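Engineer: okay, here's the prediction I keep looking at, along with the sequence it came from:
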Amino acid sequence: MSLNLIRKYLKLSRRRKCLLIEAVVMLYMAKGFLILIPLKKVLNIKFRKWHKAPEPFDEFLTDVKFALYHTDRLALWKNRCLVQCISGKWMLQKRGFEPLISFGVKKRPSGKLIAHAWMVVDFVEIIPSGDSFIELK
């Protein structure tokens, strides 16, 4: 199993490898901040632009989406979508993008209310919105 994952990782492009490593670091950094600092303050943390936005943009955004999706398996907590959104926001801000994080809720058939966070940049869903969530304004 782990040997197969290593082989898959080695076959990736250099950019995807770097983005995967960055996503893991950002994922755990975001979760650490969420444990220590209120959500409102974590969402206001901004990264200065460190890198030039790579071109083509669509391909880069697909690579970021890939990295966040695959690092999600390493999460040991329940609020995965929120942590993914925050880490993705930081990754994109470093490259000059301004992603939009949205929050929504829906009721399960059992009556239990569930929440979800998703992220969009330039009309591309980086973290999917899921189905039938009512966006909170």
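Structural biologist: That came in fine, so what should we check first?
Engineer: which residues sit in contact with Lys46?
Structural biologist: By Cβ atoms under 8 Å, 6 or more residues apart in numbering, the contact set of Lys46 is Gln93. (Glycine included, C-beta is placed from N, CA and C.)
Engineer: and what about it, helix, strand or coil?
Structural biologist: At Lys46 the chain is in coil, as set by DSSP: H, G, I helix; E, B strand; the rest coil.
Engineer: just the pLDDT for it.
Structural biologist: Per-residue pLDDT puts Lys46 at 83.
Engineer: quick one, phi psi at the residue nearest to Leu136 when sequence neighbours are not counted?
Structural biologist: Distances taken as Cβ to Cβ, 6 or more residues apart in numbering put Phe103 closest to Leu136, at 4.8 Å, once the chain neighbours are dropped. Dihedral pair for Phe103: phi -120, psi 140, per degrees, to the nearest 10.
Engineer: and if you look at Asn44?
Structural biologist: phi -90, psi -10.
Engineer: may I see the buried residues of the lengthiest helix in the chain?
Structural biologist: Assignment by DSSP state H gives helix 14-36 as the longest helix of the chain. Across helix 14-36, burial judged by 16 or more other Cβ atoms under 10 Å covers 16, 19-20, 22-24, 26-28, 30-31, 33-34.
Engineer: and these, which is closest to Ala75?
Structural biologist: Taking Cβ to Cβ as the measure, Ala75 lies nearest Leu27 of the buried residues of helix 14-36, at 6.7 Å.
Engineer: you'd agree that closest one is up against Cys81?
Structural biologist: No. Using Cβ atoms under 8 Å, Leu27 is not in contact with Cys81, being 11.8 Å away.
Engineer: thinking again about what came up before, who's the residue nearest to Leu136 bridged to?
Structural biologist: Beta-bridge partners recorded for Phe103 (DSSP bridges): Ala117.
Engineer: got a list of what it touches?
Structural biologist: 115-117, 135-136.
Engineer: so how far is the helix or strand bottoming out on mean pLDDT in the chain off the chain centroid?
Structural biologist: Across the helices and strands of the chain, mean pLDDT, DSSP states H and E gives its lowest value to helix 2-11, namely a mean of 82. Helix 2-11 has its C-alpha centroid displaced from the chain centroid by 22 Å (Cα atoms, centre = their mean, to the nearest Å).
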